[in-house]
Each structure stands twice: as structure tokens, then as C-alpha cells.
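Student: compute the structure for the input listed below.
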Amino acid sequence: MSYTLISMVGTGMYKSDKNFEGYLETDYTLGEDMHFKSRLFMQALIECKYKEIDQLILLGTETSSWDALVDKDNDEQDETIELWSDLFDQCESKERGVSPVGVSRENLDKLETYLSGRFGINVVIRTHTHKIDGDAVEELFSCYTDVTSIVKKDNDILFDITHGFRSMPVLLYQSLQYSLSQTTNRSVEIVYGELDMHDRKKGYARNLSKYWHYSELSIALNVFNTKLDGFKLAELINPYWSAGSKAIKRFSEIVQTNFALQIADVAKQLKNALAQCNENVPSWLIKEVNPILKEVCALVDENSMAKTLYNYSKFLYDHHLHVQAVITLQVAVETSIVEKFGTEANIGDYEWWQKEGKDHLYNLKGGSWKELCKPLTNIEVFRNQIAHGGGKNKEGNFPMAANIPNIYKSGIRGIENLFAALENMEQEE
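Tutor: Purely as a prediction, here's the structure:
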């Protein structure tokens, strides 16, 4: 797999007397018997083939130390020396607090060409204001979120957070998360060149990629817990919890497709998945996902599919999936009639409902306008309007989202009265 290396350039260090020191040559250790001396960690990553890097995106300010990228000591061609000199004059200040003029676009173009030739890969440089504060947030966000549009189409990302001003890696990290959530999935790895505090001439490559994974997991968990959309979560946990991945994906599918009659079967699958957790599943993940999975399992009423659907409908409504909740509540009404007057095979059977089920419900509603007829008719009419794209009712009115809470609350009262009426019939028999 080919990678795009995204790295940042700051200004390096200052000595204790405030005189400029810049980036120091550091002997980086990138693995067993893999060392490389460089002023910038990104060069070590490229030269040592840490990954198959075929593109480099560099981010910095107009006053970053762009001259540090030019190897004037080993390349004494006149044009190389001239480029370094121009960059140095534009970018480097001699002491803290003295702002340089800033790099020109012309010299950045020359630097891109130079680096592309030096490393044999595509190089893109983007700059923004050196004043990183609240007034510059819009510019920074625009610059950083645009980065993924530059990344080669099929490349994964290697994100180097070693250099740059303190806030830059944090802001770019957040921007990458946002922009990548809007596009196709890419693998993102994070690497950091840690400076040895006891010997500033030594550094070590630290792979922090798991943090990106856990951050993605946290976002996916939040989406699942709030919207019952577990597709991303299922994808992320599949490598180490296959049973959980399959069960969460299937649950998300029935939520998305309104296949409510499968909820009992899915709940069993979720229960089995929880039982198959092993030591490879992070304990914090289980702690986060366990409550909602157990809540789904608890929806099942072993004696009645209708009551299971009723529980599931309320669960959907509590998660603000109001349309799915209305549809499921109507299915619960129909299923309660099937359980009383039909067979298990008739559950979800549209033909049986049209021929027999509707008449049974009609007869029950006829004797009680307020408790049964009005609330159950309203929920059915609203369900039908949803099924027909929000069409008008008999009075010529479009359905309104604002009316859902009252209609649903009335429907809940109606089905509870229906359950009671059916139970009374059972006792009388």
C-alpha cells in the first residue's frame, strides 16, 4: 500500500540566550538497525522507507524554516545554494520576537520542484498565516480540511506530528478527522519523532496509530449510541470482535430498513456476541457498548412478539428515530391481532391482514372510540402517509413532523388499551 506522508514545518529551537538555533541534526532510530541523521524527521521516514511513501504534503506558516529542507551541504549547485539563501532570508529571524518577511509562493514552487527531485516523489506545500489564534481559525480550518483533497486517490495517510508549532498537529488532527469522515475510508497512521531528553542528538520513531483508531471508535460509538447507526463501529471492531461486528451491523440494518419483525432474532445474536467477548476486545469498548446492547436484548418479550415490537418502538422513539417508531408501533398493533386470531405464520402476512386481521381490529375498535378507535386509527393513517412519501390524508392535509409526538403518545395509549382488551377477552374465554 502506498502512503501520503503529511508533515509540518515549524521553526526549530532557540538557545537559552534567545538566539536562533533552528532544527538540529538528529540521529533517528526507526527500528532495529535502522538509523538516519536528519534535521527533519520526515526526511528520515522517506529515506529509510518507513512506509512506501510516494507523496509528501508539507504544511507550515509563511515564516516556517523552509530553508531547513534544502540540503546545501551536500548539494553545492548554484541554484540549490541560491534557493537556500532566498528561503533563509525570507523565513529565518535571528532572535525570538523578530518576525521575518515570510516565504514567497515563487520560492515555495521552487522548493516543491527541488524536493520532488531530491526524494523522487510528488511534493505539495501549503502555507497559512503565522499568527495562530482565534482570528485565524477560519483560514486554518480551510487550509487543513483541504489537505485530504490533495492526497492521492488510493493512498493511505502517514501523519507525522513531530514538527510544527504546538497547536498545528492538534488542529490538523481534528481537521483530518472531519474531512475524512466526508470521504471514502482511508487508513491513517500517526508517527512521532521523539527527541531524547538526555541526548538532544538522538531521536526515536514512536507509532501512535492506535490513538487514531480509538478516536475513530469513540466517534462511531457516539453515533451508535445516539442514532443506532453501528455500521462504522462494526467495521472498526471486526478485526478483534467478529461476532460483535456482525451482530451490530445486522441490528443497524433492521433499524435502517424498518425490518422490525427481525428484532427478536437480532437480540439473540447480540446476546451471543456479548458472550463471545475475549481478551482481544478492549475493556473500555465493552464498558461503552454493553449497556445499549443489553438494552436491546431486554426488549424481547418471550411470550409476545407484539409486546416485543411495542418495546422496540419506544426504544426507537427514545433515540429520536420517530418515523421508524411510528411504523414499528403499527406493526405491533397488527401483530397483537395476529397473536389473538391467527397463527405465527400470519405475522407480517399482508394478505391475511387484508382478508381477516383488519376486520378483527375494526370490531374491537368499534366498541371504544376514545380508548381504541381514535388513537389506533391516527397511528395507522400517519403510518400510511409516511409509506406514501408524506401524502395528504382524507382531509387534504400533509403530515407534519411537529405532530409526531402527540400522535405517537396517543398511539402508545391506544396499543396499551388494545393489549388490555385482548387480555380481557382471553380471561373471558
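Student: now stretch 238-248: buried residues?
Tutor: Neighbour-count burial for stretch 238-248, counted by 16 or more other C-beta atoms under 10 Å, picks out 241, 243, 244, 245, 247, 248. The way it works is simple: take the backbone N, C-alpha and C, and place the C-beta from them, glycine included.
Student: mind putting those residues into CSV with distance to residue 188 and secondary structure?
Tutor: As requested, those are arranged in CSV below (distance: C-beta to C-beta, whole Å; DSSP: H, G, I helix; E, B strand; the rest coil):
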residue, distance to residue 188, secondary structure
241, 21, coil
243, 26, helix
244, 23, helix
245, 20, helix
247, 27, helix
248, 22, helix
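Student: any chance of the residues you listed in a markdown table, plus pLDDT?
Tutor: Shown next, in a markdown table, are these (pLDDT from 0 to 100):
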| residue | pLDDT |
| --- | --- |
| 241 | 92 |
| 243 | 94 |
| 244 | 94 |
| 245 | 95 |
| 247 | 96 |
| 248 | 97 |
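Student: just these now: which is nearest residue 135?
Tutor: Using C-beta to C-beta, residue 248 is the member of those that lies nearest residue 135, at 43.2 Å.
Student: excluding covalently adjacent residues, which one is nearest to the closest one?
Tutor: residue 230 (4.0 Å; C-beta to C-beta, 6 or more residues apart in numbering).
Student: next one: residue 104
Tutor: What sits nearest to residue 104 in space, not counting adjacent residues and going by C-beta to C-beta, 6+ apart, is residue 90, at 6.5 Å.
Student: that older thread, between the buried residues of stretch 238-248, which is nearest residue 208?
Tutor: Within the buried residues of stretch 238-248, proximity to residue 208 (C-beta to C-beta) peaks at residue 241, which comes in at 22.5 Å.
Student: run a quick neighbour tally on the residue nearest to residue 104.
Tutor: Neighbours of residue 90 under the rule other C-beta atoms under 10 Å: 18.
Student: pull the contacting residues for it.
Tutor: Counting by C-beta atoms under 8 Å, 6 or more residues apart in numbering, residue 90 makes contact with 66, 100, 101, 102, 103, 104, 107.
Student: so the fourth one, which of the three states?
Tutor: Read that as residue 102. Using DSSP: H, G, I helix; E, B strand; the rest coil, the three-state assignment for residue 102 comes out as coil.
Student: swap in the last one?
Tutor: Per three-state DSSP, the local secondary structure of residue 107 is helix.
Student: ok, now which ones touch it?
Tutor: Contacts for residue 107 (C-beta under 8 Å, 6+ apart) come out as 66, 83, 86, 87, 90.
Student: how much space between residue 366 and residue 376?
Tutor: Per C-beta to C-beta, to the nearest Å, residue 366 is found 11 Å from residue 376.
Student: longest helix of this protein?
Tutor: When the chain is parsed with DSSP state H, its longest helix is helix 404-428.
Student: show me what contacts the residue nearest to residue 248?
Tutor: Contacts of residue 230 (C-beta under 8 Å, 6+ apart): 220, 223, 224, 248, 249, 251, 252.
Student: how is the chain divided into domains?
Tutor: Listed by automatic domain parsing, the domain ranges of the chain are 2-207, 227-300, 307-429.
Student: nearest to residue 216, out of those?
Tutor: Nearest to residue 216, of all these, is domain 227-300, at 6.0 Å by C-beta to C-beta.
Student: okay, how far is it across the closest one, tip to tip?
Tutor: Terminal residues of domain 227-300 lie 20 Å apart, using C-alpha to C-alpha, to the nearest Å.
Student: how far away from the center of its chain is that domain?
Tutor: Domain 227-300 has its C-alpha centroid displaced from the chain centroid by 17 Å (C-alpha atoms, centre = their mean, to the nearest Å).
Student: what of stretch 79-92?
Tutor: Chain-centre distance of stretch 79-92: 42 Å, with C-alpha atoms, centre = their mean.
Student: helix, strand or coil for residue 3?
Tutor: Assigned with three-state DSSP, residue 3 falls in the strand class.
Student: you'd agree it is up against residue 53?
Tutor: Yes: between residue 3 and residue 53 a contact is recorded at 5.0 Å, counting by C-beta atoms under 8 Å.
Student: pull up the overlap in contacts between the two.
Tutor: Common contacts of residue 3 and residue 53 (C-beta under 8 Å, 6+ apart): residue 158.
Student: of these two, which one has the most company?
Tutor: Set residue 3 next to residue 53 and count neighbours by other C-beta under 10 Å: residue 3 wins out with 24 against 19.
Student: which stretches in this structure count as strands?
Tutor: Secondary structure of the chain (DSSP state E): strands at 2-9, 13-14, 20-22, 26-31, 34-38, 52-61, 122-128, 156-160, 188-195, 202-207.
Student: weakest of those strands by average pLDDT?
Tutor: Lowest mean pLDDT of these: strand 13-14, a mean of 48.
Student: just give the number of residues close to residue 371.
Tutor: Neighbours of residue 371 under the rule other C-beta under 10 Å: 17.
Student: for burial, what's the neighbour tally of the nearest residue to it once chain neighbours are set aside?
Tutor: Spatially, and ignoring its direct neighbours in sequence, residue 371 is nearest to residue 417 (4.4 Å; C-beta to C-beta, 6+ apart). Using other C-beta under 10 Å, residue 417 has 17 neighbouring residues.
Student: equivalent analysis for residue 221, please.
Tutor: 20.
Student: what of the one 5 residues further on?
Tutor: Residue 226: 11 surrounding residues under other C-beta under 10 Å.
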